[in-house]
Structures are given as structure tokens and as C-alpha cells.
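# Pasting a predicted model and its sequence here:
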Amino acid sequence: MRFKKHSLIITALAGLCLMLLNGCNAILSRDYMVITPHLENRLDEEVDDEQRAETFQELKDSILRLVEEGYEVGIIRLYNYAGDVDEDTEAAITYTMRNQPLGAYAVEYVSYKSVRILSYYEITLTITYRKTPEEIASIKKIDNFEDYRRVLLDTYSEYGELVTVEIPWFYSDQYSVTDILREHYVNNPLMFATAPSVSQKEFPDVERGEESGWRRILEISFNYFADPDELYEMTRKLVSELGTRLSETELPGDEMRFLTLKNLLIKDVKILPDPEEVQEKLSNINSTAYSAVINGIANSEGFALAYKALCDMVNIDCLVVQGRRDGLLHSWNLVVADDGEWYHIDTTDDNTIADGLFILFTDEQMSDSGYRWDSGDYPSTGKDAVSVFIPEDTTFVESEEEPTLP
């Protein structure tokens with residue numbers, strides 16, 4: 001986008017008239033003042049890039065067009081205009097700055113001058129921007145939810161820090177940045193070291209008293225606990241360490257492989273309580289697979305992510321379940337057993353071993369044990385638990401679990 005200065009070529013006679021007549025400006029920066037129109041006898045000369053309007057709607061459209069084109073000074077000529085020029089100009093500027101997403105996002109204030117020239121009015125606007133041309137040009141136009149999701153994930157894949165989008169039909173529930181990023185993060189623990197914490201500004205902003213329709217510009221900021229190079233290195237170390245552990249292990253051919261994978265994770269580790277709020281898990285190293293594997297200390301989400309990473313490396317279908325246990329935030333896994341059904345396993349709990357059996361649990365059993373989750377977000381399990389006899393020479397690994405927070 002480019003900024004242009006628009007100037008009028010004024011004849012010597014017109015210049016003399018301007019000196020003799022009184023005119024005033026009004027700066028519009030959320031507070032508005034009335035100006036006195038100027039009367040000028042001048043030929044109906046052509047001005048490059050001028051905007052022409054005859055109605056109030058065309059006046060609003062012309063002001064928005066000047067903003068879209070990045071003009072700092074622009075001229076609008078009103079022909080056959082029946083309304084009050086100054087009142088309508090102020091109203092049109094107000095509308096642009098409070099209702100139009102681009103005006104609310106980019107414009108700091110507007111001053112204007114109105115001049116009567118024979119058969120028309122000439123409105124000269126001076127526009128001051130709070131955003132640079134580069135920031136305005138970087139706004140990504142979004143047509144639907146899938147485009148929105150793609151833009152967010154493209155930014156996240158590079159650990160980007162900022163993206164600005166314009167959405168024609170904004171629904172806050174559907175366009176939840178945190179939900180989109182967290183879902184992608186927990187499904188791809190071998191690709192992403194952490195999920196970012198996110199802050200978002202809306203334009204227009206209803207909470208600030210600005211008018212609003214369905215259209216919005218969203219300025220979305222991503223925050224990470226480390227810079228991109230460090231995060232990429234964390235992922236590399238995680239993949240390398242898990243690969244080493246797998247290369248030194250022979251996985252059983254039956255469901256005992258799920259216990260073997262669990263034991264690869266929880267030897268000499270410390271399990272931390274989960275944060276009280278989901279937001280506290282974002283950009284938190286203790287909620288990462290890296291911390292569970294490399295540092296040997298993490299909360300249940302970190303270990304659930306690490307378990308999924310292991311399953312992904314050996315082509316076992318696995319999901320991370322985010323829910324609660326005994327009322328507190330908790331994460332665990334769903335895996336597909338040999339019968340093709342899904343079953344629950346919690347790597348941070350020793351309840352998978354009982355009476356010489358390794359057990360994969362059903363939905364009903366997990367619910368009876370105090371686990372809660374949104375069942376609509378995850379597949380249902382088989383009706384009966386999977387039980388496997390544990391060979392006598394199996395070594396059991398116990399984790400060091402900190403007491404649950406009251």
C-alpha cells in the first residue's frame with residue numbers, strides 16, 4: 001500500500017479569495033467539532049484521484065476508499081447533495097472509525113475542511129494512521145473458517161509472533177485461536193515443542209464501545225517461553241532421545257507393548273500436579289513432552305504428549321485426552337488395541353497394573369474412577385476392558401508422583 005499526498009493547483013485569484021475568507025479545521029480523534037463551511041467561486045476543474053459522491057452512503061464509501069488506498073490527504077466532491085455537508089461528513093468519519101474494521105484498526109484521527117465551489121462542495125480530509133503501510137498490507141483476507149485455521153497454523157508452524165486477519169462473519173466461539181492451536185499441538189507432539197499463549201485484539205471492539213457488525217479485523221499475538229531456534233532444538237532432542245530409547249527396546253506383539261512404552265517414559269521421573277487453569281498450560285515447559293522426556297519432570301499433559309509421541313513413532317493410533325480427574329485438570333491417552341477398539345491408559349497412574357494383569361480401560365471404568373472428559377470430542381471405547389497377563393520376568397517401573405493439590 002502506498003501513501004499519497006494530494007494537493008490542489010489554485011489560481012492566483014482563488015488564492016487571494018482564500019486569504020480574504022475565513023475557514024476552520026476540525027480534528028476528529030474520537031471527539032468531533034463542527035466547522036464553518038467556506039464559499040469559493042472556482043471553476044469545476046478536474047482533480048486527479050478525486051472521489052465523487054451525491055448521497056450519504058456514497059460519502060461513507062468514499063472516505064473508506066481513501067483509507068483503503070492509504071491516502072494521507074484526499075478530496076471528495078459532493079454534487080447535488082441534499083444533506084447538511086458538515087454534519088454528514090462528521091457522521092461519515094465517525095462511521096468509518098467506529099464501524100468499519102479497517103478504520104477502527106488503522107486510523108488514529110481525521111481532520112477535514114469543507115468548501116463550497118459553485119455547484120458542488122469540496123471536502124478535503126487529512127488522515128493520520130496508527131498503523132504503518134506494511135502492517136495494513138499484511139492483513140490476510142479470510143473467506144471461511146478453513147482459511148482462518150490455515151493462516152493460524154501457517155503462523156504457528158514457523159513459531160510466528162503476530163498475524164492479522166479480516167473475517168467477514170465473526171463468531172467468537174467458532175474462531176477460538178486457543179482451541180485451534182491446542183488441538184493441532186496435542187495431535188503433533190513430534191512437530192511442536194509447545195503451544196503458545198495467545199492474546200487477541202478485535203476491530204471494531206465492542207467492549208470499548210465501538211459499533212460493530214459481523215465483520216472484524218483480528219490482531220493475534222503468539223507468545224512462547226523460548227525463541228524459535230530453541231524450540232526447534234527442543235523438538236530435535238525429543239525425537240532423538242525417543243528414537244534411542246525405542247532402538248534399545250523390543251516391543252511385544254500383544255497389548256503388553258502399551259505397558260512397555262509407558263515404562264520407557266516414567267523411569268526416574270517426577271510427575272507434577274497440573275495447573276488449575278487451562279491457560280496456565282500454554283507456553284509452559286512443564287506441560288511439554290520435551291520436559292517429560294529430557295528433564296524427567298512434567299505434569300500429566302507433558303507425559304500424555306510424550307506417550308503419544310512414542311506411539312506416533314511406532315505407528316500406533318493414539319490420542320491425548322484433556323479432561324479432569326477428581327475435579328482437577330488432567331491428561332491421559334486413548335490407544336487402539338488389537339481388537340480395533342479404543343481404550344484409555346494413564347501413564348501417570350499405576351492403576352493400569354492389578355493382580356498380575358495389565359489393563360486398558362473402558363469409558364465406564366474411567367468414569368467410575370473419577371475421570372471426566374467431553375465424550376463428544378473423543379471416540380468411544382470398547383465395552384470390555386483389555387487385560388493382559390504380565391510375564392513374571394517383567395520389570396515394573398514406578399514414578400515419583402507429587403501429592404495432588406487440594
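Received it, and whenever you're ready, just let me know what you need. Remember, it's a predicted structure, so these values are computed and weren't measured experimentally.
# Just the buried residues of stretch 364-383, please?
When neighbours are counted by 16 or more other C-beta atoms under 10 Å, the buried residues of stretch 364-383 are found to be Gln365, Met366, Tyr371, Trp373, Tyr378, Thr381, Gly382. Glycine gets a C-beta too; all of them are placed from N, C-alpha and C.
# and the second one, what element?
If you go by DSSP states H and E, Met366 is part of helix 363-368.
# What's the first helix or strand after that helix?
Once the chain leaves helix 363-368, the following helix or strand, as judged by DSSP H and E, is strand 371-372.
# Which strands border that following strand, and is each parallel or antiparallel?
On the basis of DSSP bridges, the sheet neighbours of strand 371-372 come out as strand 318-325 (antiparallel).
# mean confidence for the partner strand?
In this model, strand 318-325 carries a mean pLDDT of 97.
# and the helix or strand that that strand is followed by, what does it pack onto?
Toward the C-terminus, strand 318-325 is succeeded by strand 328-336 as the next helix or strand (DSSP H and E). Applying 3 or more C-beta pairs under 8 Å, 6 or more residues apart in numbering; DSSP states H and E, one finds that strand 328-336 contacts helix 300-313, strand 318-325, strand 342-345.
# buried stuff in strand 328-336?
Burial within strand 328-336, assessed by neighbour count using 16+ other C-beta under 10 Å, is assigned to Leu329, His330, Ser331, Trp332, Asn333, Leu334, Val335, Val336.
# out of everything not next to it in sequence, what's closest to the fourth one?
What it means is Trp332. Spatial nearest neighbour of Trp332, chain neighbours left out: Asp346 (4.0 Å); criterion: C-beta to C-beta, 6 or more residues apart in numbering.
# so the one you found sits right up against Val335, yeah?
No - between Asp346 and Val335 there is no contact, the gap being 11.3 Å when judged by C-beta atoms under 8 Å.
# one step back: for Gln200, which of the helices and strands packed on strand 328-336 is the nearest?
Ranking those by proximity to Gln200 (C-beta to C-beta) places strand 318-325 first, at 21.2 Å.
# tilt between that closest one and helix 300-313?
Strand 318-325 and helix 300-313 meet at an angle of 160 degrees, taking axes from the mean of the first three to the mean of the last three C-alpha atoms, to 10 degrees as the criterion.
# and the angle for strand 318-325 with strand 328-336?
With the same axes, to 10 degrees defining the directions, strand 318-325 sits at 150 degrees from strand 328-336.
# Extract the C-alpha set from strand 318-325 and format it as CSV.
Taking Å, rounded to 0.1, in the frame of the first residue of the first chain, the C-alpha atoms of strand 318-325 are listed here in CSV:
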residue,chain,number,x,y,z
CYS,A,318,-3.1,-42.6,19.9
LEU,A,319,-4.9,-39.5,21.2
VAL,A,320,-4.3,-37.1,24.1
VAL,A,321,-7.4,-36.7,26.2
GLN,A,322,-7.7,-33.4,28.0
GLY,A,323,-10.2,-33.6,30.9
ARG,A,324,-10.3,-33.8,34.7
ARG,A,325,-9.6,-36.3,37.4
